[in-house]
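In: Give me a 3D structure for the following:
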Amino acid sequence: MTAILYPVAANAELALSRPLGRAARESDARRRAGEAVVFATDAVGPAFSTREAALDAYAGRLDDDRTGATPEAEDRYCRLAEQLAEGAARPKPLSPTYADGHRWPQPLKPPRTVWRLTVSYWRIATAARPLDAPQARLARRSMHDLAPDTLQAISRAPMRPIKPQQPLDIGLFEIRPPDAPHIVMPDE
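Out: Reported below is the predicted structural model:
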C-alpha cells in the first residue's frame, strides 16, 4: 500500500497550486519546508450547489463514483465536504411530541448546503492560521454562545489537554503494598 503524499505549503491554496514538495511523514515535510510543520485540513475554492458540479470542477483530484475515476493512491489528499451555505440558518433541535403514534414531529425543511473541496496538507508552522481553536473544555466553560466558526475550529482541532499530564510516580510493573504504601515493589 502506498502512503498519501501530502503537499507542504503555507496555506491550502498554495498546497493545490505550488507546494514546496510532498511528504508522507512529518519529518519528511519538515525537511522539505526547512522549518516546523503541522498537519492541517482546510476548505478551498468556491462553493458548489451540487456534489456533481464539484466533482466536474475537480475532475482527476477526487474519487468519482459516477465514472469510476480515482486518483493515484499518493494523490488522495483532497475530499469534498458538505457545509452549510453562507447565511443559511442552522436547524433548531426538535423535541419529541409523542402525538398521533409518532415520537418525533415531521422533519423541518433541511438547510441549504454547499459542497467545498477540503485539502489535507503539511502547513508551515510560522504561516498565519485562519482561526486558532481554543481548548474545548475551557471554551465551553468561559463562553456561553460560541460563534459557529469557533465551534468548527474546535471540532477540527486535535484534542488538547487543559494542563500537561503529570509524570507517573511509579513504573508500569511496580505496586505499592496496601500495608506499606511508602514502599514501591516490583510486580511479577
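In: Contacts only, for the closest residue to Asp42 other than its chain neighbours.
Out: By the measure of CB to CB, 6 or more residues apart in numbering, the closest residue to Asp42 outside its immediate chain neighbours is Ala12, 3.9 Å from it. Where you see a C-beta, it was placed from the backbone N, CA and C, and this is true even at glycine. Under the criterion of CB atoms under 8 Å, 6 or more residues apart in numbering, the contact list for Ala12 reads 40, 42-44, 119, 121.
In: who wins for neighbours among those residues?
Out: Of all the contacts of Ala12, the highest neighbour tally under other CB atoms under 10 Å goes to Tyr121, namely 28 neighbours.
In: quick check, that one in a helix?
Out: No. Secondary structure assignment places Tyr121 outside any helix; it is strand (DSSP: H, G, I helix; E, B strand; the rest coil).
In: does the closest residue to it other than its chain neighbours sit in a helix, a strand or a coil?
Out: Of all residues not flanking Tyr121 in the chain, Ala15 sits nearest, at 3.8 Å (CB to CB, 6+ apart). Following three-state DSSP, we place Ala15 in the helix state.
In: you'd agree Ala15 is up against Val119?
Out: Yes. Taking CB atoms under 8 Å as the definition, Ala15 is a contact partner of Val119 at 5.2 Å.
In: what touches both of these two?
Out: Among the neighbours of Ala15, those also in contact with Val119 (CB under 8 Å, 6+ apart) are 7, 77.
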